[in-house]
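Asks: Kindly return the folded structure for what I paste below:
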Amino acid sequence: MKIDLFDFNLPEELIAQTPLEKRDASRLMVVNKETGELHHEHFHNIIEHLNEGDCLVLNDTRVLPARLFGTKDETGANVEVLLLKQEEGNEWETLVKPARRIKVGTTITFGDGRLTAVCTREGNQGGRHLEFKYEGIFYEILEQLGEMPLPPYIKERLDDRERYQTVYAREEGSAAAPTAGLHFTEELLEKIKQKGVHVAFITLHVGLGTFRPVSADTIEDHDMHAEFYQMSEGTAALLNKVKEEGGRIVSVGTTSTRTLETIATAHDGKFVASSGWTSIFIFPGYEFKGISGMITNFHLPKSTLVMLVSALAGRENILHAYNTAVEERYRFFSFGDAMLII
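Replies: Below you'll find the model as predicted:
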């Protein structure tokens, strides 16, 4: 299947650069996954589309302030480091700019020496493995020295870093936010629970691969990135109960979807407590085993995320919805508006 089948025209001015003042004031496009029928609302009305006995599944990952700015010890040259994944001990897989300056054995200093790193090996496309040295607690130092790793298409500075976190974020480890969850407020979640809708949590630590463009010409040739996930026994038991009783499982975001489908696929449609790495790639032709519907933002043309939502609602339905979103001036990407596919 050709990647170009998932292309559409997106004017750059529709890429949201800053979050709205109120999280749940964003617009909501509701798409019927069977017919493609759609209509326009606001996100706080999401509760009207959820029934008693349904279950919302939220990704509780928390974004690390993973962008660090330091200097190369030998020359004083400026170096930017983006933390991607913690390896053994204090070693991290990172992206470094400019990478050509950082060879094995190079030392980088951050924050007047509060944090240092030595390059232990080189990777591809600017990748470097760095071993960090410090006194105290690494994550506390990171909170003080690091900046939020906003997606490359966001050019504006984010004054309040908590606006790039969901209100329920708690498990440190992501290089990017699960952005479909940014629309929820604590008050809206409480109203949803009062209606009799279950709320469950899983964790998937979002990697930067989520922003990388598909370089292959066909879907089948694309190499999907791997991300760490985990599901607790309590969440697994709740989801199985909801399915048995005829409730709908509505995933919040593509990250929750990938986690649920990874587990359900491995266990004949059942959910079990588990953790591991998933590189599941969902595109049209995929048969969903875990979810009934999903909440998501509006994604990049020809991205794996557009392919995933097309698998749920049909490519023609999704492209019609996206073209309508452009016509209606919806806001796109991380700080943009939302879509409910149900």
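Asks: For stretch 223-238, buried residues please.
Replies: 225, 227-231, 235-236, 238 (16 or more other CB atoms under 10 Å). Placement of C-beta: from N, CA and C, glycine included.
Asks: pLDDT wise, what is the residue nearest the centre of the chain at?
Replies: Geometric centre of the chain, nearest residue: Pro178, 3.4 Å, by CA atoms, centre = their mean. Listed pLDDT for Pro178 reads 96.
Asks: Over to the one 3 residues further on?
Replies: The predicted local distance difference test score for Gly181 is 98.
Asks: and stretch 205-214, how far apart are its ends?
Replies: Counting by CA to CA, to the nearest Å, you get 20 Å between the two ends of stretch 205-214.
Asks: Apologies, that question was intended for stretch 95-105.
Replies: 16 Å.
Asks: Stretch 100-119 now?
Replies: 12 Å.
Asks: picking that back up, so which of the buried residues of stretch 223-238 sits lowest on pLDDT?
Replies: Among the buried residues of stretch 223-238, pLDDT bottoms out at His225, giving 80.
Asks: what secondary structure does that residue sit in?
Replies: Under DSSP: H, G, I helix; E, B strand; the rest coil, His225 falls in the coil class.
Asks: per-domain residue ranges of this structure.
Replies: 3-63+160-341, 67-145 (automatic domain parsing).
Asks: Tell me the gap between stretch 79-92 and the middle of its chain.
Replies: 19 Å (CA atoms, centre = their mean, to the nearest Å).
Asks: tell me which residues in that stretch are buried?
Replies: 79-86, 91-92.
Asks: picking that back up, tell me the phi and psi of the residue lying closest to the residue nearest to the centre of the chain once chain neighbours are set aside?
Replies: The shortest distance from Pro178 to any non-neighbouring residue, by CB to CB, 6 or more residues apart in numbering, is to Asn59 (4.1 Å). Dihedral pair for Asn59: phi -90, psi 110, per degrees, to the nearest 10.
Asks: oh, and call the first residue 39 from now on, that's how I've got it
Replies: From this message on, residue numbering opens at 39, which makes the last subject Asn97.
Asks: the helices in this protein, which residues?
Replies: Here the chain has its helices, by DSSP state H, at 176-183, 224-232, 271-282, 292-304, 342-351, 353-365.
Asks: Could you list the low-pLDDT ranges of this protein?
Replies: Where the chain drops to pLDDT under 70, the residues are 246-251.
Asks: Sounds good, over and out.
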